[in-house]
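Student: sequence isn't available, so here's the structure alone:
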């Protein structure tokens, strides 16, 4: 069951799903959005053993600022013994994730259930 996300910023909402914290990125993820999202993302990924999902399905534009957020989130979660999953379906965003090699480290899945049914970080 999916609940309506609580908005932390215009571009970020959060909700719980199957024992995970889902961070739903929305709209345009650029430098300005990344600066707004960063502190909230750091707060969630700074918890020991956090189980989180980054959901990019509502994203319309995604640049290198967004990539930095994903890499940072992955590093912080792994350092603290947590799990991180990625959900993404937008063709251009998927292309950026694949071309940069992030897809090997954080394999994108088409939905929440698909992401959570795989071991974190498995290709």
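Tutor: That came in fine, so what should we check first? Source: prediction; values computed, not measured.
Student: where along the chain do the strands fall?
Tutor: With strands called from DSSP state E, the chain shows them at 6-9, 12-17, 20-25, 27-29, 51-55, 59-62, 83-87, 108-109.
Student: can you pull up the bridge partners for the spatially most central residue of the chain?
Tutor: When the chain is reduced to its mean C-alpha position, the closest residue under CA atoms, centre = their mean turns out to be residue 54, at 2.0 Å. Beta bridges link residue 54 to residue 23, residue 86, judged by DSSP bridges.
Student: returning to that earlier point: turn the strands of the chain into a markdown table, columns for distance to residue 35 and mean pLDDT.
Tutor: Bear in mind the C-beta positions are built from the backbone N, C-alpha and C, glycine included. Formatted as a markdown table, the entries for these read as follows, by distance: least, CB to CB, whole Å; pLDDT from 0 to 100:
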| stretch | distance to residue 35 | mean pLDDT |
| --- | --- | --- |
| strand 6-9 | 10 | 84 |
| strand 12-17 | 12 | 95 |
| strand 20-25 | 14 | 97 |
| strand 27-29 | 11 | 96 |
| strand 51-55 | 17 | 98 |
| strand 59-62 | 15 | 95 |
| strand 83-87 | 21 | 97 |
| strand 108-109 | 24 | 98 |
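Student: format those strands as JSON lines; extra columns: distance to residue 74.
Tutor: Compiled in JSON lines, the strands of the chain are given as follows (distance: least, CB to CB, whole Å):
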{"stretch": "strand 6-9", "distance to residue 74": "19"}
{"stretch": "strand 12-17", "distance to residue 74": "17"}
{"stretch": "strand 20-25", "distance to residue 74": "12"}
{"stretch": "strand 27-29", "distance to residue 74": "16"}
{"stretch": "strand 51-55", "distance to residue 74": "9"}
{"stretch": "strand 59-62", "distance to residue 74": "16"}
{"stretch": "strand 83-87", "distance to residue 74": "5"}
{"stretch": "strand 108-109", "distance to residue 74": "12"}
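Student: looking at those strands, which is closest to residue 96?
Tutor: If you check each of the strands of the chain against residue 96 by CB to CB, strand 59-62 wins as the nearest, at 6.0 Å.
Student: from the contact counts, what lies against the closest one?
Tutor: Other elements packing on strand 59-62 under the criterion 3 or more CB pairs under 8 Å, 6 or more residues apart in numbering; DSSP states H and E are strand 27-29, helix 91-99.
Student: sweet, I'm off.
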